[in-house]
Every structure is written in structure tokens, then in C-alpha cells.
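Chemist: Pasted the sequence and its predicted model underneath.
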Amino acid sequence: MDFGIKLANCERLPLRDGVGRMAVAAEQYGYDSVWVADHIVIPNDITLDEEHKAVIELAQKQNADALISLAFVAGQTRRVRLGTSVMVLPLRNPVLAAKMLASLDALSGGRVILGTGIGWMAEEFGALGAPAYKQRGRITDEWIRIMRACWTQKNPAYKGDHYSFSPVHFSPQPEKPIPIWVGGNSPAALRRAGTLGDGWLGSRVGPADIPPAIAAIRQAAEAAGRDPAKLTMALGLEADILEQGAAKPQAGLFAPPERGLIGTIAEITDRVGVLKEAGIQHLELRFRTARDEKITTLEPTLECMQQFAETVMPKFRSRAAAR
């Protein structure tokens with residue numbers, strides 16, 4: 001199993017520490033990947049449920065661009081994969097986004113993973129003059145096809161319902177395909193992961209929900225004539241290492257605990273084992289210490305990262321993958 005760290009480009013920590021220092025530490029501790037969140041703007045006139053309210057409070061505190069943040073990280077690291085969790089693809093021009101991702105991939109030595117989603121904030125679409133919010137699922141499907149054309153065809157061109165362009169010279173093109181992991185837990189997202197994606201990047205999913213989600217993805221892949229065994233199954237989960245007997249959160253972003261990795265080292269280890277048995281191959285950890293308004297320095301997060309790396313990760317590494 002592989003493990004990644006969510007960086008603090010949209011959290012409360014000082015930006016250079018929460019992106020640069022955290023990424024360098026992740027590589028040092030043996031993590032496989034680092035990830036950034038994506039919102040371009042946060043409109044003031046939005047109504048949110050409790051879960052989204054907690055997320056947006058973080059982004060309103062700090063909201064650095066996803067690809068600029070990963071470019072900053074690429075210059076300070078050599079091994080960790082660089083992922084978006086997740087890029088709201090229909091907010092962007094698809095050819096420009098393909099260009100930026102391909103450039104980042106080339107300059108980083110082929111380390112990019114595109115985690116992508118359709119977005120959920122209608123007001124953000126409106127503020128940016130993006131394509132119709134209600135069409136964002138179909139637009140995302142088209143954008144994925146456009147990006148793959150740009151990355152693989154000699155003279156890419158495209159004619160679709162939402163975007164068309166005549167043959168162009170596109171450079172650089174990735175030396176190997178940039179993996180596209182489809183984010184989201186809805187039936188449409190699971191179908192998209194199976195029919196168009198190279199994998200699934202679920203979020204805040206409990207163990208009981210994973211087998212039917214993976215089954216739906218594999219069924220969609222088979223129906224599309226694709227090999228489901230080639231798809232990567234990943235989850236992004238809130239994480240918090242607690243002392244024995246410590247109270248677990250009952251509200252907010254980190255509740256319910258069963259939809260994250262929250263507990264003692266022993267409890268977290270058991271939970272990771274369950275996830276692996278269910279078919280999850282990659283975990284993206286979102287530590288509470290990077291999101292708590294009472295914590296203003298990176299050190300508590302570094303301690304959690306190191307503790308997890310030294311006590312949990314070795315139990316799920318093959319001998320060949322051990323760092």
C-alpha cells in the first residue's frame with residue numbers, strides 16, 4: 001500500500017512551511033506522494049452544510065493555487081508523486097490545464113497524478129464565468145478526453161459538445177501517461193472512474209461503503225471494454241493520532257471517526273488493514289494538526305507524519321518497497 005500527505009496550501013499553517021517544508025518532510029519520512037487542494041475563489045454569498053462549512057473556512061484562511069504549489073514542491077523534492085486532490089477540472093480551459101500539467105510532469109521527472117472532480121460550489125463557477133454548473137459532469141468527461149488527446153496525439157484536435165479546436169502543436173507531451181484519478185463518491189463519479197479514469201480517489205468513505213464503490217467502478221470499466229485490474233483505488237481521509245482514552249470528535253470535519261483514520265496507533269493500524277483488504281491501494285492523509293485553528297506551527301504535524309511513517313506504514317510495505 002502507498003501513502004501520501006495532504007499539504008497545507010488550503011489550510012491554516014504558514015504557507016511556505018505548510019507546502020514546502022511539509023513536502024520535504026514527507027519525502028524524508030518515506031511517503032509516496034504529496035497532494036494539494038483546489039479552489040480558485042471562494043465567493044462570499046454561499047450557503048453551506050456543516051461539512052462543507054469546515055472545508056471552506058480553511059480555504060478562506062489560505063488558498064494558494066494548486067499547480068503553483070506543486071511546482072514549488074517539485075523544485076524541493078526528487079521522489080514523491082505530485083497530486084491534486086482534487087482539481088475542479090471544469091473551472092479551467094482544458095487545453096491550458098493540459099499544458100500546465102504536462103509542463104509540471106516534464107519538469108518534475110514524470111511525477112504528476114491528476115486527481116480530478118466536477119466541483120460542488122455553483123457560486124465559484126459563476127464568479128469565474130466557467131461553463132454551466134449543471135453541465136459540469138459532461139464537461140468534465142469531455143475535458144478528460146481533450147487532455148488525453150493533447151498528451152498523446154501528434155497533432156491533437158477535438159470536436160465536442162462543449163469545446164472544439166483544430167489540429168495544434170502541443171508540447172511537452174508526457175513521456176508516460178499522467179494518471180487521472182477521479183474523485184467523488186456519487187454513482188456518476190464511480191462510473192466516470194471506471195469508464196474514463198485511471199483510478200478512483202474517494203473521500204471520507206467508511207469501510208462498509210468501499211466494496212460496493214469498487215464493484216461499481218469495476219463494472220463500469222468492464223462495460224466500457226477496459227481492464228478494471230489496471231485501475232488504482234485510493235482514498236483521502238482525515239487523520240488524527242490520539243492517546244489511549246482520548247475523546248474522539250463528534251462533530252465537524254473529523255466526525256464521524258469511522259470515516260477517517262482517527263484513534264490510537266493500534267486503532268489506525270487496524271483500520272488501514274481493513275481498507276487494504278477492501279481493495280484500497282493508496283491513502284492520502286489529511287492530518288488534523290494542519291487544520292486546527294489552535295495550532296499555528298508545522299511541528300505538531302511533522303510529529304504526526306513521522307509517527308505514522310515509523311509505526312503504521314512499515315506494516316503495509318512489501319520488503320521491496322520499504323524505505
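Modeler: Structure received.
Chemist: where along the stretch 201-323 of the chain do the helices fall?
Modeler: Secondary structure of the stretch 201-323 of the chain (DSSP state H, counting those that start in this stretch): helices located at 210-223, 265-278, 299-311.
Chemist: Quick one: closest of those helices to residue 74.
Modeler: helix 299-311 (19.4 Å; CB to CB). All C-beta spots, glycine's among them, are computed from the backbone N, C-alpha and C.
Chemist: Okay, angle between the closest one and helix 265-278 too, please.
Modeler: With axes from the mean of the first three to the mean of the last three CA atoms, to 10 degrees defining the directions, helix 299-311 sits at 60 degrees from helix 265-278.
Chemist: what about helix 299-311, average pLDDT?
Modeler: The average of the pLDDT scores along helix 299-311 is 98.
Chemist: List of residues touching that helix?
Modeler: For helix 299-311, contacts defined as CB atoms under 8 Å, 6 or more residues apart in numbering pick out 3, 5, 8, 13, 21-22, 25-26, 29-31, 239-241, 265, 268-269, 285, 287, 289-290, 295.
Chemist: want to throw the helices of the stretch 201-323 of the chain into TSV with mean neighbour count and distance to residue 194?
Modeler: Listed next are the helices of the stretch 201-323 of the chain as TSV, based on neighbours: other CB atoms under 10 Å; distance: least, CB to CB, whole Å:
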stretch	mean neighbour count	distance to residue 194
helix 210-223	17	3
helix 265-278	16	17
helix 299-311	17	31
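Chemist: Of all the ones you listed, which one is nearest residue 201?
Modeler: Closest among the helices of the stretch 201-323 of the chain, using CB to CB: helix 210-223, at 11.3 Å.
Chemist: circling back: out of the helices of the stretch 201-323 of the chain, the one nearest residue 317 is which?
Modeler: When the helices of the stretch 201-323 of the chain are ranked by proximity to residue 317 (CB to CB), helix 299-311 comes first, at 10.3 Å.
Chemist: starting at the chain centroid, how far to the closest one?
Modeler: Centroid separation for helix 299-311 versus its chain: 20 Å, with CA atoms, centre = their mean, to the nearest Å.
Chemist: From the contacts of helix 299-311, list the buried ones, please.
Modeler: 3, 5, 8, 13, 21-22, 25-26, 29-31, 239-241, 265, 268-269, 285, 287, 289-290, 295 (16 or more other CB atoms under 10 Å).
Chemist: what pLDDT, on average, does the longest strand belonging to the chain get?
Modeler: Secondary structure of the chain per DSSP state E: the longest strand is strand 232-241. Regarding strand 232-241, the rounded mean pLDDT is 97.
Chemist: what about residue 257, how many residues close to it?
Modeler: If you count neighbours by other CB atoms under 10 Å, residue 257 ends up with 18.
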